[in-house]
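Enquirer: Coordinates for the following, if possible.
(one chain, ligands or ions: 1)
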Amino acid sequence: MKKDLIYDFCPECGALKMFAGKDGRNRIMPSHEAFSLALLDSDGERFTLVSREFQFRQCDGKLCYEKHGRFSTLSVEINYHTAENGIAFKPQVSGIPEGFRLEWFDGPQVTVSPDGDLFWPLCEGVIVKDLTGRNHSEYSRYRPLGFAYPDHFYGGHFPGFCNLQFMAHYKPGDGGIYFGSHDPEFGPKAVEYDSRTPGEVRLSLQTFCDAAQNSWEFAGEYLLKLIQTDWMEAAEIYREWLPQKKRLVALPEWIEKSPLILIYPVRGTGKDSARMQENEYFPYMNGLSAVENIAQRTASTVMPLLMHWEGTAPWAPPYVWPPRGGENALACFRDALHSKGHLLGVYCSGSAWTRQSCIDETYSTEELFEKEHLENIIMRGPKGEKDASICCGPTAQRLGYDLCLATPGARKIVSNEIMKLADFGIDYAQYFDQNMGGAFHLTYCGGHGHPEGPGIWQTKTQQKFLAGLHEMIRSRNSKLVLGCEGAAADPYTGVLPLNEARSVCAWAYGYPVPAHSFVHHEHSTNFLGNFVCFHFKCDWEKCPENLLFRLAYGFNAGELLTVVLKSGGEIHWNWCLEWEHPAPDNEPVLQLLKVLNDMRRRYPEFLLYGKMQRPLHEVKGKPWTFVYKNGRTFQFNSIPVSTWEDAAGNTITFAVNFLPEEQTAQVDNDSTRTFPPLSVTVL
Ligand SMILES: [Zn+2]
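Expert: Got it, this is the predicted structure:
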């Protein structure tokens, strides 16, 4: 009788060699190592060890490693057992020598072929088409398979830039593997892939270990499973495992009005850096006619989400208050919006600390930093380095550090600032922009009463802090809702009610898929996002329907709709594109926004509270070609569909014809049907 699962380890080091189903076809490539791990000494010096440096033996259900040449007390055991269609692994490390901390553990190591698609959970989900491209991506500071301080947010940080902790590798139509971390504590990891060795791609779930002394055991299991289809099957495996999730912070009442998020700055002409002057939307009341026009054309409640409004300097966290021009100026705008049933939102820039703004050279906190001894509450690298993870440097937005949110001092600074927004009557603040996914960046600070290295303690601290902020807000009778950049990562979905999706990032690697919505939609709400720098990825002149395509994508992902303004109240292609560039044709965009948002309001049980399912129907719309800036093209269906299930178990399927032309298309291989231009059809 043929076995359902065939697997094998290297007799010399226990590395995975073979992983196949009944048909015997190996779905992986032999790995070079079973694991690697990093120790830090008391000076923060890193020692990276690999499985082949140990004496190895395999016993029943266990891979055992001991007698390392340099660290003789150290031993590693990887316990494993077969699970449905796969193997579950649970590593543990003991005998960590005195004076050393275990920084991270990376094993079991899984290697796959560069052929096939990779599902990577970066920013809600990406299908990576070219797996060899990881090392020359636009994110030059990426350090392959050795994610470290400062994380720079360009690696696969979970819970952060990666908001889920699993990957999948498969050939469409032929299946492949699921590789996931079933870690119920959601500890920090790098969910990564690397292709430095030609002809192979290594998948990694490098896990940070709370700077463990003596011993460490992984809190959950790593699962390697066979899959038959694609990323949705992988997302189903993960969703089924995911411990019961619920909203700890309720959605605001206004969410059922499905506000259209309208993003624009009050300083500058579309860029995020360099000096900027107040623009035509300042003072704030100057923006009201644009808001009202869009509201009327789309029959929607609108929430302006203001950029560059901070009275400190644009992008100079943690301080944002008072607003530029003073509280009264913003209060007029707030009241005018509220009187017409609209809402007011603001961007902030997270929990970094700005010593010197590079946008506005008059803004500096050097004196305050010295006077208050704030060097005691910032995050540090393993050797005590002071740096910041994001938007920091002479050519970026600021010079400074990151606050360690485990310190009462840092928490007080952040919460004080947020309470000013709450007391003022702002409806939504994306305070944790740049804390992508709600992240607490990697830190190694000493003297703060927490382990001197990243680990589960960070996730727990951040969950508690975010929940506590909303409790404080409610205790002041404010209805302010907080959010972050990127969908909230697994452990933060319950405490960050509304967040800005970042599917724009997917286009640097392949194309986006709504995996976060698939896993979390019924208890986590996102809006489509500002598509920052999308013009570096998409050749909009060669595929001018790309904005319509993106709106259809957001609708089918169950996201609130979002557009960005340029001058003159016109909808622009995306954020961070200078206003001097011509805008898309606004007419079809406004029409599509109107029909999509009407549908969102009509079916909240599905599109706001529903669970995403694999599409029950297929519509063969004509192919629409996305043109990347580098000339590469990819074809998409111009009538994409999504299927949703409500709490009572009813299902519904929506089909969006995002092209401004009528289409007659085949549905489910049998009948044909007519789809009006710029329409949604319930199938
Ligand atoms: Zn700290």
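
Enquirer: With the ion as the reference, measure out to the nearest residue to residue 287 once chain neighbours are set aside.
Expert: Leaving out its chain neighbours, the residue that sits closest to residue 287 by Cβ to Cβ, 6 or more residues apart in numbering is residue 281, at 4.1 Å. Any C-beta I mention is one placed from the backbone N, CA and C, and that applies to glycine too. The spacing between residue 281 and the ion, counted by Cβ to the ion, to the nearest Å, is 39 Å.

Enquirer: okay, now residue 281: neighbour count?
Expert: Using other Cβ atoms under 10 Å as the criterion, residue 281 is surrounded by 25 other residues.

Enquirer: Please list all residues in contact with it.
Expert: For residue 281, the set of contacting residues under the criterion of Cβ atoms under 8 Å, 6 or more residues apart in numbering consists of 264-266, 287, 290, 565.

Enquirer: Quick check: strands, which of those are part of them?
Expert: Secondary structure assignment by DSSP state E places 264-265, 565 of those in strands.

Enquirer: strands paired with the helix or strand harbouring residue 306, and their directions?
Expert: Using DSSP states H and E, residue 306 falls within strand 302-307. In the sheet containing strand 302-307, its partner strands are strand 260-265 (parallel), strand 345-347 (parallel), by DSSP bridges.

Enquirer: Select, out of the ones you listed, the one closest to the ion.
Expert: For the ion, the closest of these is strand 345-347, at 26.1 Å, according to Cβ to the ion.

Enquirer: from the middle of its chain, how far away would that closest one be?
Expert: In terms of Cα atoms, centre = their mean, to the nearest Å, the centre of strand 345-347 is found 19 Å from the chain centre.

Enquirer: Could you do stretch 48-56 as well?
Expert: On the basis of Cα atoms, centre = their mean, the separation between the geometric centre of stretch 48-56 and that of its chain is 34 Å.

Enquirer: Just the CA coordinates for that stretch, please, in PDB.
Expert: As requested, C-alpha coordinates have been extracted for stretch 48-56 and formatted as PDB (Å, rounded to 0.1, in the frame of the first residue of the first chain):
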ATOM      1  CA  THR A  48      25.500  32.100  14.300                       C
ATOM      2  CA  LEU A  49      25.500  28.300  14.600                       C
ATOM      3  CA  VAL A  50      24.200  25.800  12.100                       C
ATOM      4  CA  SER A  51      23.100  22.200  12.500                       C
ATOM      5  CA  ARG A  52      26.100  20.600  10.700                       C
ATOM      6  CA  GLU A  53      28.400  22.000  13.500                       C
ATOM      7  CA  PHE A  54      26.800  19.600  16.000                       C
ATOM      8  CA  GLN A  55      26.900  15.900  16.500                       C
ATOM      9  CA  PHE A  56      23.600  14.600  15.100                       C
END
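
Enquirer: Let me know the secondary structure of the residue of the stretch 51-200 of the chain found nearest the ion.
Expert: Among residues of the stretch 51-200 of the chain, the one nearest the ion by Cβ to the ion turns out to be residue 149. It sits 11.9 Å away. The three-state label given to residue 149 by DSSP: H, G, I helix; E, B strand; the rest coil is coil.

Enquirer: Which residue is the nearest non-sequential neighbour of it?
Expert: Going by Cβ to Cβ, 6+ apart, residue 149 has residue 381 as its nearest residue, at 4.1 Å.

Enquirer: three-state assignment of that neighbour?
Expert: Reducing the assignment to helix, strand or coil with three-state DSSP, the entry for residue 381 is coil.

Enquirer: I'd like the distance between it and residue 452.
Expert: Spatial separation of residue 381 from residue 452 under the definition Cβ to Cβ, to the nearest Å is 11 Å.

Enquirer: shared neighbours of the two, anything?
Expert: Overlap between the contact sets of residue 381 and residue 452, as judged by Cβ under 8 Å, 6+ apart, is given by residue 444.

Enquirer: who's more crowded, these two?
Expert: When residue 381 and residue 452 are compared on other Cβ under 10 Å, the one with more neighbours turns out to be residue 452, at 21 against 16.

Enquirer: For the more buried one, list the residues it contacts.
Expert: Contacts of residue 452 (Cβ under 8 Å, 6+ apart): 101, 211, 444-446.

Enquirer: Got phi/psi on the residue nearest to residue 538 when sequence neighbours are not counted?
Expert: Excluding its sequence neighbours, the residue lying closest to residue 538 (Cβ to Cβ, 6+ apart) is residue 546, at 5.3 Å. In terms of degrees, to the nearest 10, the main-chain angles of residue 546 are phi -60, psi -30.
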